[in-house]
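K.L.:
Pasted the sequence and its predicted model underneath.
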Amino acid sequence: MAVGALVKKIQNIMREDAGVNGNAQRIEQMVWMFFLKIYDAKEEDWELVQDNYESIIPDELKWRNWAIDNGDGKALTGEQLLSFVNNDLFPTLANLTITKSTTQGQAIVRYAFESAHNYMQDGILLRRVINTINEEIDFTEYKELHAFGEVYETILKDLQAAGQSGEFYTPRAVTDFMAQRLNPQLGESVADFACGTGGFLTSALKILENQVKTPEDRIQYGKSVYGLEKKQLPYLLCATNMFLHDIDNPRVFHVNSLDRDIREYRNQQVDGTFDVVLMNPPYGGKEQDVIKANFPVALRSSETADLFMALIMYRLKPNGRAAVILPDGFLFGSDGAKLELKRKLLEDFNLHTIIRMPGSVFAPYTSITTNILFFENGKKTEGTWFYRMDMPEGYKHFSKTKPIQLKHFDPIIEWWENREEIEVDGNLKAQYFTADELKGLQLNFDQCGFPHDEEEILPPDELIKDYRARRETLDREIDAKLQQICEILGIEA
């Protein structure tokens with residue numbers, strides 16, 4: 001099975017269908033079919049190893065009983081197939097009955113289809129797509145199931161280039177680097193509260209897989225990761241991703257993780273704290289006032305990323321550790337919520353490292369510059385290291401054809417173990433600030449940034465937002481200095 005060839009072959013068939021508009025919808029169509037085929041293969045395994053196994057999917061809706069074309073002319077196609085998919089398959093799966101005895105591995109079928117849609121309007125083309133999937137892949141073969149992970153990665157990368165859908169995908173090199181720095185261990189819980197397609201969870205699972213030695217370890221492995229995602233398409237992608245990584249009962253849920261009073265976690269009214277948190281929270285989004293009310297007044301923000309940072313702080317176990325991607329606006333932002341979050345990072349957590357990443361890491365979805373914040377729960381910050389990740393030699397910027405790779409983090413990994421200040425062409429690339437020094441800078445974490453002549457020009461809306469945030473910070477710094485001078489002179493400001 002050639003990596004990516006299957007995806008392109010299916011997309012070419014779908015291009016003939018007037019109902020499918022754009023690459024994102026083509027990917028969405030592929031994913032629900034892949035999910036059902038993979039789930040059917042998993043069910044065949046469960047039927048073998050579990051006594052009296054009962055499927056949550058009615059027999060007539062199982063992939064094996066309607067999607068297979070035996071060449072005898074009995075396979076559904078054309079209007080019959082469309083009617084079956086639109087009027088029987090989707091409505092039934094979206095309304096499956098879930099009880100207390102329903103496992104998460106079963107309930108996930110309903111969650112995956114609650115908001116799913118079939119966009120294809122040509123039943124003959126739909127049959128061609130289904131036949132292509134059946135001809136090219138046999139998920140009952142263990143090696144082929146795992147080999148499909150490479151094809152699946154191609155789907156996720158295609159999503160990144162499909163407009164807004166790119167928000168669901170963080171480059172694998174970035175998720176692997178972050179997971180390796182936190183190094184989760186079997187027995188620990190790993191969470192992502194906006195898990196998208198499950199990239200951080202799978203990076204953690206790769207590390208945990210190497211620690212599995214016994215059947216008991218395998219059980220522990222299956223319980224290690226936890227994810228929440230409110231959008232249907234990335235949730236479906238994530239659920240499929242978990243099955244591909246041998247998680248039979250994925251603890252991933254189709255919900256808005258901000259839709260609960262976060263003080264319940266601190267007061268232990270609900271179970272839900274974790275040893276490790278790996279995240280790239282959505283940024284630039286807005287939440288309704290009813291969502292903001294779930295946060296203490298000082299932490300209420302119009303920025304979605306700020307709310308997720310507060311959520312992480314409340315859901316990180318004592319001695320737990322986190323790695324979180326945030327835009328530059330968080331570092332230099334001076335509104336009330338951002339200042340309070342940064343104060344808490346210094347006083348209630350150990351914010352030990354901030355990695356400044358180049359703006360093109362997430363291109364073409366966005367060129368805004370992002371950062372990785374590493375912190376631990378359990379002691380206050382003594383000092384924070386800042387490290388600027390410059391473009392590797394021979395790269396002007398990252399792109400779809402020249403994406404960021406794990407090897408590009410090698411200089412950071414080498415520095416990580418033997419930290420020292422670094423200066424390049426008169427600009428500090430790595431520098432240490434004590435917590436008191438950062439407080440003296442009015443909690444401006446915008447340190448060791450990129451030289452101005454190397455900055456990429458942002459899109460107009462991001463550029464305006466960036467400059468407004470910087471202006472607020474400068475105004476605040478000037479006011480603070482003016483206040484100090486007036487106090488020295490004994491006059492009113």
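P.N.:
Here it is on my side, so go on. Numbers count the residues shown, from 1 in each chain.

K.L.:
so I422 touches A430, yeah?
P.N.:
Yes: with contacts counted by C-beta atoms under 8 Å, I422 reaches A430, the gap being 4.1 Å. Using the backbone N, CA and C atoms, a C-beta is placed for each residue, glycine as well.

K.L.:
which of these two has more neighbours?
P.N.:
Applying other C-beta atoms under 10 Å to I422 and A430 shows that A430 carries more neighbours, namely 19 against 15.

K.L.:
Can you name the next helix or strand after whichever strand or helix holds that one?
P.N.:
Assigned by DSSP states H and E, A430 belongs to strand 427-434. Proceeding N to C from strand 427-434, the next assigned helix or strand is helix 435-440, under DSSP H and E.

K.L.:
buried stuff in that next one?
P.N.:
The neighbour-count check on helix 435-440 (16 or more other C-beta atoms under 10 Å) flags 435, 438 as buried.

K.L.:
Which residue ranges of the stretch 51-200 of the chain form strands?
P.N.:
Under the criterion DSSP state E, counting those that start in this stretch, the stretch 51-200 of the chain contains strands at 190-192.

K.L.:
any weak-confidence spans in it?
P.N.:
140-154, 156-168 (pLDDT under 70).

K.L.:
Mind listing the shared neighbours of I422 and A430?
P.N.:
By C-beta atoms under 8 Å, 6 or more residues apart in numbering, I422 and A430 have these common neighbours: 387, 415.

K.L.:
related to what we said a few turns ago, partner strands of the strand holding A430, with direction?
P.N.:
Using DSSP bridges, strand 427-434 pairs in its sheet with strand 383-388 (antiparallel), strand 422-424 (antiparallel).

K.L.:
what comes into contact with it?
P.N.:
Contact with strand 427-434 is made by 382-388, 390, 415, 419-423, 441, 447-448, 451, as judged by C-beta under 8 Å, 6+ apart.

K.L.:
I'd like to know which of these are buried.
P.N.:
Buried members of those, scored by 16+ other C-beta under 10 Å, are 384-388, 390, 447-448.

K.L.:
which pair in these spans the largest distance?
P.N.:
The span of these, defined through C-beta to C-beta, is set by T384 and D390 at 19.5 Å.

K.L.:
for the stretch 1-150 of the chain, what spans make up the helices?
P.N.:
Per DSSP state H, counting those that start in this stretch, the stretch 1-150 of the chain carries helices over the ranges 5-14, 23-49, 63-66, 78-84, 90-94, 104-113, 123-136, 142-160.

K.L.:
Mean neighbour count, those: which tops it?
P.N.:
Highest mean neighbour count of those: helix 104-113, a mean of 21 (counted as mean count of other C-beta atoms under 10 Å).

K.L.:
and it, how far from the chain's centre?
P.N.:
Taking C-alpha atoms, centre = their mean, to the nearest Å, one finds helix 104-113 lying 20 Å from the centre of the chain it belongs to.

K.L.:
Contacts for it, please.
P.N.:
Helix 104-113 is contacted by residues 32, 35, 39, 42, 46, 55-57, 90, 93-96, 98, 232, 235-236, 239, 248-254 when judged by C-beta under 8 Å, 6+ apart.

K.L.:
And for stretch 336-353?
P.N.:
Residues outside stretch 336-353 that contact it (C-beta under 8 Å, 6+ apart) are 298-301, 303, 306, 309-310, 313, 330, 333, 372-387, 416, 435, 438-439, 443, 445.

K.L.:
Got a quick PyMOL command for the buried subset of those residues?
P.N.:
Selecting only the buried entries of those in PyMOL, with 16+ other C-beta under 10 Å as the criterion:
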select buried, resi 299+300+301+303+306+309+310+313+330+333+372+373+374+375+376+377+381+384+385+386+387+435+438+443+445
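
K.L.:
will you turn the buried ones among the contacts of strand 427-434 into CSV that also has distance to L126 and pLDDT?
P.N.:
Converted to CSV, the buried ones among the contacts of strand 427-434 look like this (distance: C-beta to C-beta, whole Å; pLDDT from 0 to 100):
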residue, distance to L126, pLDDT
T384, 54, 98
W385, 54, 98
F386, 53, 98
Y387, 50, 98
R388, 50, 97
D390, 49, 93
Q447, 55, 95
C448, 53, 94
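
K.L.:
Would you mind putting the residues you listed into a markdown table with distance to D275 alongside?
P.N.:
Output for the buried ones among the contacts of strand 427-434, formatted as a markdown table (distance: C-beta to C-beta, whole Å):
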| residue | distance to D275 |
| --- | --- |
| T384 | 22 |
| W385 | 23 |
| F386 | 26 |
| Y387 | 25 |
| R388 | 29 |
| D390 | 32 |
| Q447 | 29 |
| C448 | 29 |
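
K.L.:
now, which of those sits nearest S399?
P.N.:
Among those, D390 lies closest to S399 (C-beta to C-beta), at 16.7 Å.

K.L.:
ok, the closest one - contacts?
P.N.:
D390 touches 358, 424, 429, 450, counting by C-beta under 8 Å, 6+ apart.

K.L.:
Looking at the helices of the stretch 1-150 of the chain, spot the one closest to K292.
P.N.:
The nearest among these, by C-beta to C-beta, is helix 104-113 at 25.9 Å.

K.L.:
ok and the closest one relative to helix 23-49, angle-wise?
P.N.:
Angle of helix 104-113 versus helix 23-49, following axes from the mean of the first three to the mean of the last three C-alpha atoms, to 10 degrees, is 160 degrees.

K.L.:
thinking again about what came up before, out of the contacts of stretch 336-353, which sit inside strands?
P.N.:
372-377, 383-387 (DSSP state E).

K.L.:
now the helices for the stretch 151-300 of the chain?
P.N.:
172-182, 199-209, 215-222, 232-244, 263-266, 289-292.

K.L.:
just the ones you listed: most buried one?
P.N.:
The most buried one of the helices of the stretch 151-300 of the chain (mean count of other C-beta under 10 Å) is helix 232-244, showing a mean of 25.

K.L.:
quick one: that helix to chain centroid distance?
P.N.:
11 Å.

K.L.:
and it, what does it pack onto?
P.N.:
Packing contacts for helix 232-244, counted by 3 or more C-beta pairs under 8 Å, 6 or more residues apart in numbering; DSSP states H and E, involve helix 23-49, helix 104-113, helix 142-160, helix 199-209, strand 252-253.

K.L.:
Next up, the contacts around P392.
P.N.:
H408.

K.L.:
That one should be in a helix, yeah?
P.N.:
No: assessed with DSSP: H, G, I helix; E, B strand; the rest coil, P392 is coil; it does not lie in a helix.

K.L.:
Just want the phi and psi numbers for it.
P.N.:
phi -70, psi 160 (degrees, to the nearest 10).

K.L.:
Next: H352.
P.N.:
The phi/psi pair for H352 (degrees, to the nearest 10) is phi -90, psi -20.

K.L.:
Please report the distance of it from E492.
P.N.:
Plainly put, H352 is 41 Å away from E492 if you go by C-beta to C-beta, to the nearest Å.

K.L.:
and the closest residue to C195 other than its chain neighbours, what does it touch?
P.N.:
Nearest residue to C195 in three dimensions, chain neighbours excluded: G227, at 3.2 Å (C-beta to C-beta, 6 or more residues apart in numbering). Contacts for G227 (C-beta under 8 Å, 6+ apart) come out as 191-193, 195, 198, 201, 238, 250-253.

K.L.:
Mind checking which of those are buried?
P.N.:
For these, a burial check counting by 16+ other C-beta under 10 Å picks out 191-193, 195, 198, 201, 238, 250-253.

K.L.:
which pair in those residues spans the largest distance?
P.N.:
By the measure C-beta to C-beta, F193 and P250 form the most distant pair in the buried ones among the contacts of G227, at 15.2 Å.
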